[in-house]
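Q: A structural model of the following input is requested.
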Amino acid sequence: MPAAGESYGINKVVGDICKLSPELLDEACQHILTYLQGQSRGVDSAEISDRFQRGGVRLDPEALQNIVRFLLLTFRSAGKSNLSGDDLVSKLEEGGNKWPKAYLQVFHRLWTEHGASVQSQQKVEAMLSIGQLVDIQWKLGMAVSSDTCRSLNSPYVSLLLKIVEPSGHICQRSFEMTIPQFQNFHKQFKEMAAVMETL
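A: Take a look at the predicted model:
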């Protein structure tokens, strides 16, 4: 049984969801289901916010993030539990929240249409359980002090990688390489790209 604060938080999120029209809820769910089916790189909260604003609904950033988290968790849990559309609606109703019938119909229809695909993607992700590289940025610099360079004023490459973790969160990793290390890294990436094109 959820704690009082936790229950209040869920009720607030459900209340914020109910400020949306069923059409806006449908759009937000479709955006999230597209990600959960592996058809997009992540959940773009800014895009969802723009859709809400065009629909006349303005939410503060925290409320928007809570809605996105709630929908992600709802669909992920439904996938892991192999729920049908009817089962998902029952679970939502069991939560003690007052869901309008039109909203439950949106959840039922979308999960019936996309649930099997989400479950299939979850199985693939569970087997792979790795992040997805979405962006690489690099810059050339000059070393003034380093543990790996033997002499100062040696050129180096600084890399910043953006990775979508299996949870859906985008994280950044940065590191530095000497020029020969970067050339080897580049060569290995080209080889991987060539192999992936043959798949």
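
Q: other SSEs contacting the longest helix anywhere in the chain?
A: What stands out as the longest helix in the chain, according to DSSP state H, is helix 101-128. On a contact count with 3 or more Cβ pairs under 8 Å, 6 or more residues apart in numbering; DSSP states H and E, helix 101-128 meets helix 22-36, helix 61-80, helix 85-94. Using the backbone N, CA and C atoms, a C-beta is placed for each residue, glycine as well.

Q: ok, which of those helices comes nearest residue 161?
A: Closest to residue 161 of the helices and strands packed on helix 101-128 is helix 22-36 (Cβ to Cβ; 19.7 Å).

Q: that closest one vs helix 101-128, what angle?
A: Between helix 22-36 and helix 101-128, the angle comes out at 10 degrees (axes from the mean of the first three to the mean of the last three Cα atoms, to 10 degrees).

Q: and helix 22-36, what's buried?
A: Buried residues in helix 22-36, counted by 16 or more other Cβ atoms under 10 Å: 24-29, 31-33, 35-36.

Q: could you list the domains of this structure?
A: According to automatic domain parsing, the chain comprises the domains 4-127, 132-198.

Q: for the longest one, the distance to its chain's centre please.
A: If you compare the mean C-alpha spot of domain 4-127 with that of the full chain, they lie 13 Å apart, counting by Cα atoms, centre = their mean, to the nearest Å.

Q: isn't residue 109 up against residue 85?
A: Yes: counting by Cβ atoms under 8 Å, residue 109 does reach residue 85; the two are 7.3 Å apart.

Q: of the two, which one has the most company?
A: Neighbours were counted for residue 109 and for residue 85 using other Cβ atoms under 10 Å; residue 85 has more, 19 against 13.

Q: the more buried one and residue 92, how far apart?
A: 11 Å (Cβ to Cβ, to the nearest Å).

Q: repeat for residue 46
A: Distance of residue 46 to residue 92, computed by Cβ to Cβ: 27 Å.

Q: more neighbours: which of these two?
A: Neighbours were counted for residue 46 and for residue 92 using other Cβ under 10 Å; residue 92 has more, 17 against 9.

Q: pretty sure the more buried one is touching residue 105, no?
A: No: checked against Cβ under 8 Å, the pair residue 92 and residue 105 is beyond contact range at 11.4 Å.

Q: what residues are up against the residue nearest to residue 76 when sequence neighbours are not counted?
A: Closest residue to residue 76 in three dimensions, ignoring its sequence neighbours and counting by Cβ to Cβ, 6 or more residues apart in numbering: residue 36, at 6.9 Å. For residue 36, the contacting residues are 72, 75-76, 79, 114, 118, 121-122, by Cβ atoms under 8 Å, 6 or more residues apart in numbering.
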